[in-house]
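Student: Build the 3D model from these lines:
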Amino acid sequence: MRRTKIYSIILFVLATAICAFVLELIAFFSLPVAERRPILYKNSISIDPFNGFKSLQDIEFDIIDPLLGWRMSDSILHKKGFYTENGNIVFHGKCKCYDTLVVYLSGGSTTDPAVIPHNWPTLLSQLFDSAKICSKIIIGAVGGFNSGQELLKLISNDLIFFRPDIHLSYSGANQIEPAYVSIYEQEMYLNLPKPSPPPYFANAWLLLRKLIYKDKFFEQVKINDYYREIRSNYLSGRYEKNYSEKVRKFWLNNMKTMQALAHLHGYTFIGVLQPVQGAGNYRQQNYESYILDMINQYKSYYPLLAQECKIHPEFIYDMKNLFDQINDTVYTDDCHIYPQFQGMVARSVFDLITNRNRVQISDSMKCM
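Tutor: Below you'll find the predicted structure:
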């Protein structure tokens, strides 16, 4: 009797699995080709700077911010092992002093330790320790942010809670996105207005959703098509003729506004034009079309940004040529760099901070 019951359970499970698989096949062939998912589909797309592409869910941007677009919650950052204050990762130096040098860093994924672990801000903290300077480094960077989002985050959140001694913006790469919006936000517009399919039997889920929420579903498709068109224009390189000039004004105005805020609140601002492929004299071979497209865009507008650095050396600094003398492979894609070169960025930023006349590191900020 017991064996018969076990056989019945096994047969029931097998029959259920077969029915589910048949339903998935029917759904697969019922959906338009553009909306189909592979059988037993599992979602795994978008950017991982060190290993091809990775999903937003894997990167774990879990909050859609009404002003900024997206960010990670404190709970996600804690899960990744970071200490946070008011939504920002914070590195505390090991020295004990009467005073502490507070450094605020803004930027995109190249500055965000939650996206690129053990990156240059992590090493910067270690450099301050080695120099026996008491430091507190606040990371306001978020993967995918451009200089406009840096500015909005600074005004809407970060200046409410603290005043740094130094604000350093490390930017330049993310200005290339259409309408100054990152691919991360585009992916959210493409995929998040409608819930993501489950890891398995995604076609059956999509078909049932279409049948149950028909009108709402097609309205979402219209919204998504709009952003697909923007994305398609970006990937195919269909830009306006004055695109480079728009990027120059956008980036420079953001740098000037962050500088004005620093002057108003009594701290120092340093804007850094980050190194990217195609902007300096360093060259390496890349065959992926999206990287080549980005490099072409950098070539179009980076000279304009570099010229602004020459015009305004008092608060913006050109670091695009940092890797010109390197013979090894530096970049994992268009702008992210391999771990062994993060130290060069950290050292350059450290020297930039400590060697500028207006950055005062008093004796009270040095280790006892």
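
Student: Where does pLDDT dip in the protein?
Tutor: Within the chain, the ranges that satisfy pLDDT under 70 run 1-2, 33-35, 40-58, 66, 176-196, 199, 213-241, 286-288, 357-358.

Student: State the three-state secondary structure for the most centrally placed residue in the chain.
Tutor: Using CA atoms, centre = their mean, the residue of the chain that lies closest to the mean C-alpha position is G143, 1.5 Å off. Under the three-state scheme (DSSP: H, G, I helix; E, B strand; the rest coil), G143 adopts coil.

Student: Return the residues in contact with it.
Tutor: 59, 61, 108-109, 112, 114-115, 184 (CB atoms under 8 Å, 6 or more residues apart in numbering). In short, each C-beta sits where N, CA and C put it, glycine included.

Student: Can I get stretch 62-79 in CSV, CA atoms only?
Tutor: Taking C-alpha atoms only, stretch 62-79 is exported to CSV below (Å, rounded to 0.1, in the frame of the first residue of the first chain):
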residue,chain,number,x,y,z
ASP,A,62,16.3,47.8,-5.5
ILE,A,63,14.9,51.4,-5.1
ILE,A,64,13.4,53.6,-7.8
ASP,A,65,14.1,57.1,-6.6
PRO,A,66,11.7,59.8,-7.9
LEU,A,67,14.5,62.2,-8.5
LEU,A,68,17.5,60.1,-9.3
GLY,A,69,16.1,57.0,-11.0
TRP,A,70,17.5,54.2,-8.9
ARG,A,71,19.8,53.3,-6.1
MET,A,72,20.5,50.6,-3.5
SER,A,73,18.8,50.5,-0.2
ASP,A,74,20.8,50.4,3.0
SER,A,75,19.7,46.8,3.6
ILE,A,76,21.3,45.7,0.3
LEU,A,77,24.5,47.6,1.1
HIS,A,78,24.7,46.0,4.5
LYS,A,79,24.2,42.6,2.9
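
Student: Could you look up the SS state of P313?
Tutor: coil.

Student: What distance do you get for it to V22?
Tutor: 69 Å (CB to CB, to the nearest Å).

Student: number of nearby residues for I39?
Tutor: Neighbour count of I39, defined by other CB atoms under 10 Å: 14.

Student: rewinding a little: so what's the backbone phi/psi at the residue nearest to the centre of the chain?
Tutor: G143 has phi and psi values of phi -50, psi 130 when expressed as degrees, to the nearest 10.

Student: Also the one 4 residues further on?
Tutor: Main-chain dihedrals, S147, degrees, to the nearest 10: phi -60, psi -30.

Student: Mind picking the one among the contacts of G143 that's closest to M319?
Tutor: Nearest to M319 among those: G108, at 14.6 Å, using CB to CB.

Student: I appreciate the help and will end here.
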